[in-house]
Each structure stands twice: as structure tokens, then as C-alpha cells.
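J.: sequence and predicted structure below; questions after.
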Amino acid sequence: MAVFQETLTVRPPGAGLHEITKQVALVLVRSGLSRGVVTIFCQHTSASLLIMENADPSARRDLEAWLERLVPAEDPHFEHTLEGPDDMPSHIKMALTRTSESVPFADGRMLLGMWQGIFLWEHREAPHARTVVVTVMG
């Protein structure tokens with residue numbers, strides 16, 4: 001089994017779902033592999049990864065709003081606020097979602113569904129540089 005790995009730097013301008021499907025697909029092309037699994041891993045504790053609908057942005061807005069209601073910033077019960085009021089909520093949001101995704105591929109293309117995309121979910125309000133490790137095995 002061949003393994004190819006590349007690290008992406010993603011610079012979201014702030015909180016929200018930011019699609020990285022094309023960047024991951026380019027890593028897959030550079031791997032030269034035709035069949036196997038690509039794994040995407042986010043190296044952070046205040047951002048996460050998600051496979052989500054990429055056709056209608058209202059689905060993403062609804063999901064973001066729902067999680068914001070579930071874990072609001074400035075909760076007076078949070079002790080961990082060193083980096084601001086969205087610090088602990090960002091960690092909780094990451095813990096409730098995922099830090100990795102796996103997608104099978106064939107003929108050098110990810111087998112995502114018609115309306116699926118891969119998203120980095122930034123949970124902090126301020127812009128950050130996020131590191132995402134893409135590992136292609138085939």
C-alpha cells in the first residue's frame with residue numbers, strides 16, 4: 001500500500017464553515033494514486049472538520065446557528081477564557097464535532113455524494129491559520 005501525505009494551511013477569515021474540498025482533491029491528484037482512502041485531520045482544538053451539504057448555504061448557516069445556540073460565547077460558567085469569550089465555547093464545539101474525516105476514492109477522485117463537501121469549521125471569531133494533514137492511502 002502506498003501512502004502520500006501533505007499538510008495544508010487554511011486561513012479562514014473567522015468563524016464558520018469554510019469549504020476545502022478542492023484543496024483536498026488537489027492533494028489526491030498530486031498523490032498519483034487511483035484507489036483507496038484519503039484521511040483529513042485538523043491539528044487544532046478550536047476548529048474541526050465536517051462533511052456537509054455544499055449546494056445550499058442555508059444548510060450550513062442553520063447548522064452554525066444551532067451550534068451557537070447550544071454553546072454560546074460568554075457563558076458565565078466557563079472558567080477557561082484566557083483567549084477571550086469564545087475560547088472555551090470553541091473547544092466544546094470542536095469536541096462535539098470531529099477533527100478528522102475519511103473519504104474513499106476511485107479513479108483518482110473522491111467518492112463524495114453529489115451535494116457533499118469537506119469543510120473546515122472555524123470556531124473562533126478572529127482569523128487563524130489552521131493546519132490540516134491530508135493522508136492518501138491506496
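T.: Nice, I can see it.

J.: list the contacts for the closest residue to E122 other than its chain neighbours?
T.: Closest residue to E122 apart from its sequence neighbours, by Cβ to Cβ, 6 or more residues apart in numbering: P12 at 4.1 Å. Placement of C-beta: from N, CA and C, glycine included. When contacts are counted by Cβ atoms under 8 Å, 6 or more residues apart in numbering, P12 touches 18, 47, 120, 122, 127-128, 130.

J.: most widely separated two among those residues?
T.: The largest separation in the contacts of P12, counting by Cβ to Cβ, is between L120 and P127 at 12.5 Å.

J.: which residue of this structure sits farthest from its center?
T.: When distances are taken from the C-alpha mean of the chain, P76 lies farthest, 27.9 Å away, according to Cα atoms, centre = their mean.

J.: where's it relative to G138, distance?
T.: Noted for P76: a distance of 50 Å to G138, by Cβ to Cβ, to the nearest Å.

J.: strands of this structure, start to end?
T.: 3-10, 16-19, 36-42, 47-53, 100-106, 109-110, 116-122, 130-137 (DSSP state E).
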